[in-house]
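Colleague: sequence first, predicted coordinates after that:
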Amino acid sequence: MAAAVFVSLCLLKREKKMDNEKITVLLIDDEADLIDAVAFQLKAKKGYNVVTAYNGLEGLEKLKEITPALIVLDMNMPKMGGIEFYKNIIGDDYRAKYPVLVLTARANLEQLFMDLNVDGFMTKPFDLDNLFNEIDVIIRKRYEKARIEEHKKDKLKPKKILIVDNKKEAFDKIAIAFLNEGYLVSSSNSGLATIDRIMVDVPDIILIKLGLDDLHGDLVIAKLKQMPKTMGIPCVLYTPEDERLNRNITEQICKDIGISALVESDDPYILIREAEIALHKTE
C-alpha cells in the first residue's frame, strides 16, 4: 500500500511538471488580499493553474470556460454566497460535479457540509500552509481515484492478442481457446506479416511461434522491441514439444531481447496461463 501511494505521488508530481495547466484550481472568495496571496502561492510554489472569482455568480461564469480539479469556496460573499453556488453545481446524483474545499468563519457549519459530501472544510482564520496541504491532498485523491477507475475499466475490456503460427490447424486450436477466454484474437502466419499487422493494429499481447517459415519468432520480437510503438508489448514465444530447441541458447536470446516467456508447448491452456502471467506483469 505504501509503495502504491508513493508511486501515485510521483505520478502526480510528474503530471504537474509536464502539464500543469491541466490542473486548475478555482478560487472563489470576496477577500481580495486572501485570494491574491493564495493564488500567488499556488502558481509559484505548487505549479497549479489558478482561476479566481469574487462571488458565486462570477464562479459560475468561470465554470463555463474551465474544468477545475478543485474549487476553493468561501461561504459568505455578496451577490451569490457559497451555499447557493454549491446548489448550482450539484449533479443528478446530488453530488457536486467538482471537488470542493469549503472556507467559512462559522465552525458550526462543518456537519452541514459533511452531509453535503464536500471534499474538505476549513474554518477561518487558517494557516496558509495548512490550506495548501489540504488542496494538495484533495487533488491527489482525485487523481488517484481517476487512475483506479481507469484501471478498472481497462481490466474489464477484452484483451487483444495477436497469435502468430504458420500451421493452420495449430493456430485454430489455440485461437479457439483464447476466444473462449474472452480475448479478441487476430492472426498472422509469418514474421514479416506480423510486423506489418502490428503497425496497423497494436495488440495487448503477442503469442508467437519460434519456428516460422521466414523470420524466426525471436527475431520478430527483437525487431518489435526496437520500435517505440511496440517495444512495451508483452511477448510470449512458444514452440511445440516435438520441435528441436537448443534451450540454453534460446533462453539467453529471450533474456537479451526481453521476451516475457519461453514455452516449450503449444497446448492452448498452458499458453493462456503464460499470456495471463505476462499481462499481469504489465499492469
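Modeller: That came through, no problem.

Colleague: for burial, what's the neighbour tally of residue 135?
Modeller: Residues near residue 135, counting by other Cβ atoms under 10 Å, number 24. The way it works is simple: take the backbone N, C-alpha and C, and place the C-beta from them, glycine included.

Colleague: in what helix or strand does it lie?
Modeller: Per DSSP states H and E: residue 135 is located in helix 128-156.

Colleague: what mean pLDDT does that helix get?
Modeller: The pLDDT scores in helix 128-156 average 74.

Colleague: repeat for stretch 62-81
Modeller: pLDDT averaged over stretch 62-81 gives 89.

Colleague: swap in stretch 160-170?
Modeller: Here the average pLDDT along stretch 160-170 is 93.

Colleague: how far does that stretch sit from the chain's center?
Modeller: 31 Å (Cα atoms, centre = their mean, to the nearest Å).

Colleague: ok, stretch 86-97 next?
Modeller: Its chain's C-alpha centre and that of stretch 86-97 lie 26 Å apart, by Cα atoms, centre = their mean.

Colleague: list the contacts of that stretch.
Modeller: With contact meaning Cβ atoms under 8 Å, 6 or more residues apart in numbering, stretch 86-97 is reached by 56, 60, 63, 71, 73, 98, 100, 116, 117, 118.

Colleague: same deal with stretch 31-45?
Modeller: So stretch 31-45 is contacted by 25, 27, 29, 48-50, 52, 54, 72, 74, 128, 131-132, 135 (Cβ under 8 Å, 6+ apart).

Colleague: show me which of the residues you listed are buried.
Modeller: For those, a burial check counting by 16 or more other Cβ atoms under 10 Å picks out 25, 27, 29, 48-50, 52, 54, 72, 74, 131-132, 135.

Colleague: number of nearby residues for residue 58?
Modeller: By other Cβ under 10 Å, neighbour count at residue 58 equals 18.

Colleague: so what's the closest residue to it other than its chain neighbours up against?
Modeller: Of all residues not flanking residue 58 in the chain, residue 28 sits nearest, at 7.3 Å (Cβ to Cβ, 6 or more residues apart in numbering). Residue 28 is in contact with 52-56, 58-59, 71-74, 77, 82, 85, counting by Cβ under 8 Å, 6+ apart.

Colleague: do the same with residue 26
Modeller: Here residue 26 is in contact with 50-53, 59, 62-63, 66, 68, 70-72, 98 (Cβ under 8 Å, 6+ apart).

Colleague: much appreciated, bye for now.
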